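# A predicted structure for the sequence below; I have some questions about it.
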Amino acid sequence: MADAFVSFALKKLGDFLIQQVSLRKNLRKEIEWLRNELLFIQSFLKDAELKQCGDHRVQQWVFEINGIANDVVAILETYAFEADKGDDDGFHSRLKACACICRKEKKFYNVAEEIQSLKQRIIDISRKRDTYGITNINSGDEGPSDQVTTLRRTTSYVDDHDYIFVGLQDVVQTLLAQLLKPEPSRTVLSIYGMGGLGKTTLARKLYNCPNIASSFPTRAWICVSQEYNTMDLLKTIIKSIQGRTMGTLDLLERMTEGDLEIYLRDLLKERKFLVVVDDVWQKEAWESLKRAFPNSKNGSRVIITTRKEDVAERADERGFVHKLRFLSQQESWDLFCRKLLDVRAMIPEMESLATDMVEKCRGLPLAVVVLSGLLSHKKGLNEWQKVKDHLWKNIKEDKSIEISCILSLSFNDLSTALKQCFLYFGIFPEDQVVTADDMIWLWMAEGFIPRREGRMEDVAEGFLNELIRRSLVQVANTFWERVTSCRVHDLLHDLAIQKALEVNFFDIYDPKGHSISSSCVRHAIHSRGERYLSLNLSNLKLRSIMFFDPDFCNLSRHIVGFRHIYVLYLDIIEGGVIPDAIGSLYHLKFLRLKGIRRLPSSIGNLKNLQTLRVLKTQGLCQLPSETTELIDLRHLVVRYPEPLVGICKLTSLQVVDGICCDQWKDVDPVDLVNLRELSMFEINNSYSLHNISSLKNLSTLTLCCGTYESPFPSLEFVNCCEKLQKLFLRGKIEKLPPFPNSITMVALYFSRLKEDPMPILGMLPNLRNLILEEEAYEGKEIMCSDNSFSQLQFLHLYMLYHLETWHLGTNAMPLIKDLVLDRCPKLKEIPERMKDVKRI
C-alpha cells in the first residue's frame with residue numbers, strides 16, 4: 001500500500017520536471033536526485049511491508065517513507081502555486097515583473113532548502129534499511145487489495161456496538177427497571193467487569209433509551225479513565241448542563257475544586273438528573289465526585305462503569321451492582337458467525353479451527369468480534385491455521401488468549417494505509433464519537449488515501465468500512481445505509497495510542513508535564529490549549545494540530561508558526577475570532593472550526609484547501625467573497641447568510657451543505673460537474689429550483705423549507721437528475737413529483753400530502769429505503785398494490801396521526817427487512833405479513 005504514495009510522488013516529480021522548464025540547473029539536479037532515490041527505495045517497499053508486522057521499527061520506516069512522499073507532493077504544489085501567482089502579477093507592470101523575479105528567486109531558495117531537508121531524511125532511511133535487513137524484492141507488485149475499494153456498503157449496517165446484547169437482552173430490562181423504579185433517593189447503579197465485556201456500550205444503551213431520556217430532563221456523561229482531573233470532570237458536567245458561554249467559562253476558571261463542587265450541587269439541586277461516570281479506575285475518583293451529586297429525593301440516578309469490583313461495591317451502600325457476565329460458548333459462537341463476512345465459505349476444517357479459537361476467547365465479546373473480523377479477511381484453511389498458530393504461542397496458563405494479542409494481530413494484518421487510518425482514531429479523546437465525513441476528509445488531507453481511479457472519498461469510505469468489518473471500529477450511527485458516525489472501543493483506543501507512540505505517529509499534549517514530542521508531526525491537545533501554545537513550537541514542522549479543548553479561544557498570535565500544517569481541527573468557544581494570518585497556511589487541506597461568526601478574506605489564499613467545515617453555532621458564519629478562490633475545495637459545509645457570488649468557479653466541489661435558497665437562485669451550476677451532495681435550507685415557494693437539474697452527477701439532495709408550513713416550489717426538476725439516489729425533503733409538498741428510476745432512498749418530513757404517495761413510490765424500481773415521518777401524509781389509508789416496492793428493504797412510518805388503514809398486496813415489499821412504526825395512533829392493525837418483520 002505504501003507503494004501507492006511513493007508512486008504518486010514520483011508522478012508528481014516527473015510532471016514537475018516537465019512543466020517547470022525554467023528551473024535553475026542546480027534545483028533541477030536536486031529534484032532529479034530525489035526522484036531517483038525514491039525510485040530506488042520503492043523497490044524495497046514490498047519486503048518492508050511483509051516484515052513490519054513483526055518489527056515496529058520497520059513499520060516506522062514505512063511510515064517515514066509515506067511522510068517523505070507526501071512532503072514531496074506538498075513542496076512541489078506550493079512552489080507551483082507561488083510561481084503561477086508570480087507570473088500573474090508580472091503581467092501588470094515591469095515593476096511587478098521585477099518583484100516577481102525576486103519572489104521566484106526566494107521560492108527557488110525555499111524549495112532547495114526543503115529538498116535538502118528531504119535528502120537528509122532519505123539518507124537516514126537508506127541507512128535504516130540496511131540496519132533492519134530490508135531487501136529488494138523484484139517479483140512484481142501485487143498492489144493494494146481491490147477489496148478495499150469495493151467495500152462501500154450496499155445494505156444496512158447492523159449496529160456494531162450492539163454485539164454485546166447477544167443473549168443479554170434481559171440485563172437491559174433489569175437495569176432499566178432499577179433506574180426507573182419509584183425510589184426517591186439518589187442511587188448509584190454500578191456496572192463492572194473486565195475490559196471488552198461491553199460496560200460502556202451497555203451504559204450508552206441505557207442512557208439513550210427513550211424512557212430514560214423522558215424520565216430524566218437533565219443528563220450528563222463523563223469519561224474518567226486512569227488519568228483524571230477532578231476539577232476538569234466537574235467543569236465538564238457543569239458545561240454540559242449549563243452550556244459553554246463566555247460568562248460560564250470565565251466563572252469556572254476562577255473557581256477552586258470546592259467552589260466547583262458547591263456550584264454543581266446547586267445546579268442539580270432542583271433537577272432530576274442522570275449522570276454516567278464512565279470508566280472509573282480508582283474508588284478515589286468516585287469519592288471526589290459524589291459529593292457534587294445532591295440527594296434531593298426526586299429519583300435522580302448515577303451510573304458508574306468500572307473494571308474494578310471494589311469500586312462498584314463501594315460506590316453506594318443503597319445502590320445496585322451488576323457484574324457483567326461473559327458469553328456462553330454457544331453465544332460466543334453465534335456472535336462469531338454473525339460477524340463473519342461469509343459463513344458459507346467456512347469448510348468443516350476451518351470451522352474446527354474457529355471453534356478452538358473462539359473457545360479460547362472465554363466469552364469476551366470484543367475478542368470474539370475482532371477474531372471474526374480478522375479471519376474474515378484470511379482466505380483458506382492455511383491462513384486460518386497460521387492465525388491459530390500465532391495465537392497459541394500466546395496462550396495463558398488458564399488456556400485463554402490475551403485480548404491484547406488478538407487486537408495486535410488484527411492491527412498487524414492491516415495494510416500500511418489502513419494502519420495509518422486506524423491509528424488516527426487514537427488522536428481523538430477516549431470514547432469520542434467521530435463524524436464519518438470528518439474522518440474520511442481528515443484521511444484525505446493527511447495523504448493516507450492513495451490516488452486511484454475514481455473518487456478519493458469512495459476509497460476512504462471503503463477503508464472505514466473495512467475497519468468496521470474487522471470490528472476495529474464501532475458504528476455509532478447510520479443513516480440511509482451509510483455510517484454517519486463511529487468510535488473505537490477503549491481497549492482499541494489504547495492500542496492505537498500505544499502503536500502510534502512506537503512509530504512517532506502522533507503525540508498528545510501532557511498539560512501536567514507541560515510537554516509534547518518535538519519530533520511528531522501531529523499534535524493533539526485535549527485540554528489546556530492556551531498552555532500548549534506557550535511551548536516553543538516555532539521550529540517544528542507540524543503536519544496536523546487538533547484542538548479538542550472546548551474552552552480554547554485564542555490562536556491568533558501563534559498561527560503564523562504553523563505554515564507547514566495540512567490539518568487544523570479547532571473548537572473555539574462562541575464568539576471566537578480567526579486571524580487574517582490563517583491565509584499564510586498555504587499547505588492547509590482541512591480546516592474545521594466551531595463557534596466562528598466570520599472568516600477573514602485571507603482564506604482565499606488557501607489554494608490547497610479541500611475541506612472547509614464550520615459547525616453550526618447560535619448564528620451563521622459570514623464567508624468572504626474570496627472563498628470562491630479556493631480552487632481545490634471539495635467539501636464546503638458552512639451555514640452562511642449572504643450569497644457566495646461565483647460559487648460556480650469551485651469546480652472541484654463534491655459536497656455543499658448549508659446554502660440557503662435565496663443564495664442559490666442566481667447560480668448557474670452547469671460548471672459544478674463534480675458536485676455529488678447538495679443540502680439547501682430556507683427554501684421559499686417564490687424561488688425556482690429548476691437549475692438543480694443541471695447538476696448531472698448529483699447523487700444526494702437535501703431540501704428544507706424555511707418553516708414546516710411553507711410549501712416547496714415546483715419539484716418537477718427532480719426527474720431530470722438522472723443520477724440522483726438519495727432525496728430528503730422537509731416541508732409541505734402540494735403534489736408528489738415524478739422521480740428518476742435511479743432513486744434508492746426517499747425521506748419525506750412535514751410534507752402534509754393529501755393523496756396517498758404509495759402508488760407513485762411503489763413503482764420506483766430501485767427504491768430500498770423509505771421514510772415517511774412527522775405528518776408526511778395526512779390521509780387515512782395507504783395502498784401498496786401487488787408487485788409494488790419490489791426492492792424495498794427498510795420502511796419508516798412515524799407520526800402519521802391520521803393513518804387508519806394499511807393495505808398490502810400479496811406480492812408487495814417482498815424484500816422488506818426492517819420496519820419502524822411509531823406514533824400512528826389511529827392505525828388499527830398492520831398487515832399480517834408485516835408482523836414477522838424486524839421492528840426497530
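Received, thanks. Remember, predicted model here, so these are calculated numbers, not experimental data. Residues are numbered from 1 along each chain as shown.
# Quick check: phi and psi on the nearest residue to Ser517 once chain neighbours are set aside?
Nearest residue to Ser517, sequence neighbours excluded (C-beta to C-beta, 6 or more residues apart in numbering): Asp507, at 4.0 Å. Glycine gets a C-beta too; all of them are placed from N, C-alpha and C. Torsion angles at Asp507 (phi, psi; degrees, to the nearest 10) stand at phi -140, psi 150.
# Wait, Asp507 touches Ile516, no?
Yes. Proximity of Asp507 to Ile516 meets the contact threshold set by C-beta atoms under 8 Å, at 5.2 Å.
# what touches both of those two?
His523 (C-beta atoms under 8 Å, 6 or more residues apart in numbering).
# what separates Ile733 from Cys661, distance-wise?
15 Å (C-beta to C-beta, to the nearest Å).
# Nearest residue to the residue nearest the centre of the chain in space, please, no chain neighbours.
Nearest to the mean C-alpha position of the chain, counting by C-alpha atoms, centre = their mean, stands Ala436 at 2.8 Å. Among residues not flanking Ala436 along the chain, Val483 sits closest, at 4.9 Å (C-beta to C-beta, 6+ apart).
# do the same with Gly779
Nearest non-adjacent residue to Gly779 (C-beta to C-beta, 6+ apart): Asp756, at 5.5 Å.
# how many neighbours does the one you found have?
Residues within reach of Asp756, counting by other C-beta atoms under 10 Å, total 18.
# Dig out what the residue nearest to Ser517 forms beta bridges with.
His523 (DSSP bridges).
# can you pull the contacts of it?
Contacts of Asp507 (C-beta under 8 Å, 6+ apart): Leu501, Ile516, Ser517, Cys520, Arg522, His523, Ala524.
# same thing but at 6 Å, please
Neighbour list for Asp507: Ile516, Ser517, Cys520 [criterion: C-beta atoms under 6 Å, 6 or more residues apart in numbering].
# Among those residues, which ones are in helices?
In helices, judged by DSSP state H, none of the contacts of Asp507 are found.
# Ile222 and Leu234 touch, don't they?
No. Here Ile222 does not reach Leu234: they are 9.0 Å apart, not a contact under C-beta atoms under 6 Å.
# from the contacts of Asp507, which is closest to Lys119?
Nearest to Lys119, judged by C-beta to C-beta, of the contacts of Asp507 is Cys520 at 21.6 Å.
# Let me know the pLDDT of the residue lying closest to that closest one once chain neighbours are set aside.
Of all residues not flanking Cys520 in the chain, Asp507 sits nearest, at 4.1 Å (C-beta to C-beta, 6+ apart). Note for Asp507: predicted pLDDT of 92.
# Please tell me how far Asp507 sits from Arg592.
20 Å.
# now do Leu748
For Leu748, the distance to Arg592 - C-beta to C-beta - is 31 Å.
# between the two, which one's more packed in?
Leu748 (24 against 21).
# In terms of pLDDT, where does that one sit?
pLDDT at Leu748 comes out at 96.
# ok, now Arg94?
Here, the pLDDT recorded for Arg94 equals 41.
# what does Ser328 give?
91.
# mind checking the SS state of Asn697?
The three-state assignment at Asn697 reads coil, by DSSP: H, G, I helix; E, B strand; the rest coil.
# Quick check on it: phi, psi?
Torsion angles at Asn697 (phi, psi; degrees, to the nearest 10) stand at phi -110, psi 10.
# residues contacting it?
Asn697 touches Lys723, counting by C-beta under 6 Å, 6+ apart.
# how about 7 Å then?
Residues near Asn697 by C-beta atoms under 7 Å, 6 or more residues apart in numbering: Val673, Asn674, Leu675, Arg676, Lys723.
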